[in-house]
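*Asks:* with the input below, show me the fold.
(one chain, ligands or ions: 1)
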Amino acid sequence: MQAIQVTDKVYWVGAIDWNIRDFHGYSTHRGTTYNAYLILSDKPTLIDTVKKEFYPEMMARIASVIDPKKIEIIISNHSEMDHSGALPEAVAAIEPKEIYCSDMGLKDLSAQLHPKFPMKVVKTGDKIDIGGDTISFVEARMLHWPDSMFSYLEKENILFTNDVFGMHYATSRLFDDENEERLWLYEAEKYYANIVLPYSDIVLRFLDTVQKMGLSPKMIAPDHGFIWRKDPSKIVNLYAKWATQAPKNKALVVYDTMWGSTQKMAQYIAEGLRLGGTEVKLLSMHSCHRSDVATELLDSSGLIIGSPVLNSGIFPSMADVLCYLKGLKKKHLVGGAFGSYGWNPGPVNALANTLTELGIEAVAPVVSAKFVPDAPVEQACKALGLAVSKKIAEKLK
Ligand code: FEO
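*Replies:* Coordinates of the predicted model:
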């Protein structure tokens, strides 16, 4: 395994995980990479490591350009295990003189790894001399963990951003200009929707702070996906757009069905939305993954949820996706709820509470059907779709 050269002195020494399809509940259809970076300064420096099982791949790439024992400094920008899992073995093999992390990084790494090696804490504005260049640090709390930190290699003008500006996208082509936009744009958007979305307010504040600091990196090097070298501002501008969560005339109908009744209701609601002029996507949890729903939700203004009743509760697949979406805290949503039942309408009616928990402004009462929807239910469903469409149009004015 060879390192990939980024500049005269900087090498990518990470790992490519071609086969991962589930990243802690997030569907990774195109695999991912765990990016680690080696700086061949007078004090050779390693930024982040990789997932534990990819330690041999990282070490082989390092060894292709330098004796790993010559590395003097390791920096942990992020303590999540896909970047810190290989840290204990790497420290044991390399025996670096210094290991740096943020204050929260020290707490997190200590609790995860129970390390026997010392770590030094750095904070925003701190700088370290790595011999021939300088690394300055910017804490990025809650982007997306409390420990998250950026490292800026001053002379080379490269910003190492941990997960931020990354994506789950396995590629042997390390740079933005070597990858097809039609593929990466979806993966970058999916990454934002599933990982970064809950912290959108922090993203906006952080982008403002970085701009005020006058940073204008020639490259942005995240911990997943590829390096932004042709136009780093492209991903920064996309983050600024996604973080605003500006409303669009689009709604999702997310549902599951047992015997087809809730599906019929979903189709009637979708017809109401379409007649109202709103783009609509019907997402059956029989067919869709929760993380693909989250991706579709990123630019949606409407969310209408539907479930049948099973054993005095909502359908398990709906409980799953609603729990997931609740954690992502999407803003500015309007919507409603619906579902069919046999003898107990309680779980369908309780979807009204779920709408509140999701922060969705309900435009109408829950629509329910006993067993199979009849003509009045069909009309109520279409009216729900139309009402959501009307409310979205009002918000877009
Ligand atoms: Fe790629 Fe938050 O770890």
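*Asks:* residues of the protein that sit close to the ligand?
*Replies:* Those residues of the chain that sit near the ligand, judged by CB under 6 Å from any ligand atom, are 78, 80, 82, 83, 144, 145, 163, 223, 224. C-betas here are computed from N, CA, C, even on glycine.
*Asks:* confidence score at the fifth one?
*Replies:* Just to be clear, that refers to residue 144. Here the pLDDT value assigned to residue 144 is 95.
*Asks:* neighbours of it, just the number please.
*Replies:* The burial metric for residue 144, expressed as a neighbour count using other CB atoms under 10 Å, is 19.
*Asks:* next: the second one.
*Replies:* Using other CB under 10 Å, residue 80 has 18 other residues around it.
*Asks:* what does the first one give?
*Replies:* Neighbour count for residue 78, taken as other CB under 10 Å: 27.
*Asks:* ok, it - contacts?
*Replies:* Taking CB atoms under 8 Å, 6 or more residues apart in numbering as the definition of contact, the neighbours of residue 78 are 48, 84, 105, 145, 147, 148, 149, 162, 163, 223.
*Asks:* can you list the residues you listed in TSV and add neighbour count and secondary structure?
*Replies:* What follows is the contacts of residue 78, written out as TSV (neighbours: other CB atoms under 10 Å; DSSP: H, G, I helix; E, B strand; the rest coil):
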residue	neighbour count	secondary structure
48	28	coil
84	26	helix
105	26	helix
145	19	coil
147	24	coil
148	26	coil
149	28	strand
162	28	coil
163	24	coil
223	27	coil
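*Asks:* ok, of these, which one's closest to the ligand?
*Replies:* The nearest member of the contacts of residue 78 to the ligand, counting by CB to the nearest ligand atom, is residue 163 at 4.4 Å.
*Asks:* just the CA trace of stretch 382-397, in CSV.
*Replies:* The C-alpha atoms that make up stretch 382-397 are tabulated as CSV, following Å, rounded to 0.1, in the frame of the first residue of the first chain:
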residue,chain,number,x,y,z
LYS,A,382,-56.4,14.8,-0.3
ALA,A,383,-57.5,17.7,1.8
LEU,A,384,-54.5,17.1,4.1
GLY,A,385,-52.1,17.1,1.1
LEU,A,386,-53.7,20.3,-0.2
ALA,A,387,-53.5,22.0,3.2
VAL,A,388,-49.8,21.1,3.6
SER,A,389,-49.2,22.4,0.1
LYS,A,390,-51.0,25.6,0.9
LYS,A,391,-49.0,26.2,4.1
ILE,A,392,-45.7,25.6,2.3
ALA,A,393,-46.7,28.1,-0.4
GLU,A,394,-47.5,30.7,2.4
LYS,A,395,-44.1,30.1,3.9
LEU,A,396,-42.4,30.6,0.6
LYS,A,397,-44.0,34.0,0.0
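*Asks:* in terms of pLDDT, where does residue 215 sit?
*Replies:* The predicted local distance difference test score for residue 215 is 88.
*Asks:* quick check: it vs the ligand, distance?
*Replies:* If you measure residue 215 against the ligand using CB to the nearest ligand atom, to the nearest Å, the figure is 22 Å.
*Asks:* re the thing from before, and the two most separated of the residues of the chain next to the ligand?
*Replies:* When CB to CB is used, the two most widely separated members of those are 145 and 224, lying 14.0 Å apart.
*Asks:* in the helix or strand of the chain with the lowest mean pLDDT, what counts as buried?
*Replies:* None of the helices or strands of the chain scores lower by mean pLDDT, DSSP states H and E than helix 200-212, at a mean of 93. Neighbour counts using 16 or more other CB atoms under 10 Å place 200, 202, 203, 206, 210 of helix 200-212 among the buried residues.
*Asks:* quick one, helices of the protein?
*Replies:* Applying DSSP state H to the chain gives helices spanning 55-63, 81-84, 87-94, 103-113, 181-191, 200-212, 232-244, 261-275, 290-297, 316-328, 346-349, 351-357, 375-396.
*Asks:* need these in CSV (columns: distance to residue 11).
*Replies:* Formatted as CSV, the helices of the chain follow (distance: least, CB to CB, whole Å):
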stretch, distance to residue 11
helix 55-63, 8
helix 81-84, 17
helix 87-94, 15
helix 103-113, 23
helix 181-191, 22
helix 200-212, 25
helix 232-244, 19
helix 261-275, 51
helix 290-297, 32
helix 316-328, 35
helix 346-349, 56
helix 351-357, 47
helix 375-396, 48
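*Asks:* need the longest strand for this structure.
*Replies:* Secondary structure of the chain read by DSSP state E shows that its longest strand is strand 333-341.
*Asks:* just the mean pLDDT for it, thanks.
*Replies:* Per-residue pLDDT values across strand 333-341 average out to 98.
*Asks:* that strand: partners in the sheet, and parallel or antiparallel?
*Replies:* Taking DSSP bridges as the criterion, strand 333-341 sits next to strand 302-306 (parallel), strand 360-362 (parallel), strand 367-370 (parallel) in its sheet.
*Asks:* of all the ones you listed, which lies closest to residue 236?
*Replies:* Put simply, out of those the one that sits nearest residue 236 is strand 302-306, at 28.0 Å, with distance taken as CB to CB.
*Asks:* and the closest one, how far from the chain's centre?
*Replies:* Per CA atoms, centre = their mean, to the nearest Å, the displacement of strand 302-306 from the mean C-alpha position of its chain is 22 Å.
*Asks:* would you turn the strands paired with strand 333-341 into TSV with mean pLDDT?
*Replies:* Formatted as TSV, those follow (pLDDT from 0 to 100):
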stretch	mean pLDDT
strand 302-306	98
strand 360-362	98
strand 367-370	98
